[in-house]
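[1] Predicted model, plus sequence, below.
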Amino acid sequence: MRMGYRNAVTRRAAEIRLDALLRTACEVIAERGLANTRTADVAEAAGVSQALVFYHFATKDRLLAQAFAYAVEQDLARLDAVLRSSAPPLAKMRRMLRLYTPTGRATSWSMRIDGWAESLRTPELEKLSRRLDLRWRQDLATVITAGVTEGTFDCPDPAGAAWRISAVMDGLAVQIAVHERVITRRQIAEWIRLVAARELGLEPSQLD
């Protein structure tokens, strides 16, 4: 029993350390980019030895792939929380639009944009990026369909509307993540509400 307890504690400590390393790796990648991130950069930012980083990930490519996967899972967990809630479709739509819009340092969006670029050359990243993108569109379509069913939304093509809303959000998010001070987050939020409202047969103020 005592040996089993010690092993369980050791495994838990390793899991916590791994989670902290992945979170740090995401921050470093968001700042430096996937192509320019070194294992030494992650080790320094995490305050650990480079040997420990290699212990967990074996190679730099594995570190980058797992960090990107970690970021994807974090985004999907936040999305799942919205979908699982008992809120009506209109409230869920408001939450999803706010969740998608970049805020603060937009670490998640920096990684997502970088992931799109690297997906052209890295099949593993393409698979992860596609999974995240498709989930957003599928879940948007699910909420839109539910809203149409209960009579809140007027939308003859929920799947198409989800793709069009997402495309606008993607384009605006790239602008604010890549080009500072070209447009403001307030403008982005207003334009996203305007586009979504037109697709759903609502007034923009209903999505505020």
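    Here it is on my side, so go on. Model, not experiment: these values are computed from the prediction.
[2] Grab the most central residue of the protein for me.
    Centroid-nearest residue in the chain: residue 75, 3.7 Å away (criterion: CA atoms, centre = their mean).
[3] thought it was touching residue 132?
    Yes: in this structure residue 75 lies within contact range of residue 132 using CB atoms under 8 Å: 6.0 Å. To be clear about C-beta, it is placed using only N, CA and C from the backbone, and glycine gets the same treatment.
[4] residue ranges for the strands of the chain, please.
    Counting by DSSP state E, the chain has no strands at all.
[5] excluding its backbone neighbours, what's nearest residue 38?
    residue 60 (7.0 Å; CB to CB, 6 or more residues apart in numbering).
[6] burial measure for residue 150, as a count.
    Residue 150 is flanked by 11 other residues according to other CB atoms under 10 Å.
[7] With residue 114 as the reference, measure out to it.
    Residue 150 sits 39 Å away from residue 114, going by CB to CB, to the nearest Å.
[8] Also residue 33?
    Counting by CB to CB, the gap from residue 33 to residue 114 is 6 Å.
[9] In terms of neighbours, single out the busier of the two.
    Legend: neighbour count by other CB under 10 Å for residue 33 and residue 114, higher for residue 114 (23 against 15).
[10] ok, the more buried one to residue 151 distance?
    Going from residue 114 to residue 151 by CB to CB gives 41 Å.
[11] can you check residue 142 too?
    From residue 142 across to residue 151, the span is 17 Å (CB to CB).
[12] remind me which residues of the chain are low pLDDT?
    By pLDDT under 70, the low-scoring segments of the chain are 1-16, 102-108.
[13] show me where it has helices.
    Assigned by DSSP state H, the chain shows helices spanning 2-32, 39-46, 50-57, 60-84, 89-100, 107-119, 123-149, 158-178, 185-200.
[14] Dump those into CSV; add distance to residue 208 as well.
    Formatted as CSV, the helices of the chain follow (distance: least, CB to CB, whole Å):
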stretch, distance to residue 208
helix 2-32, 29
helix 39-46, 38
helix 50-57, 43
helix 60-84, 17
helix 89-100, 8
helix 107-119, 22
helix 123-149, 16
helix 158-178, 16
helix 185-200, 6
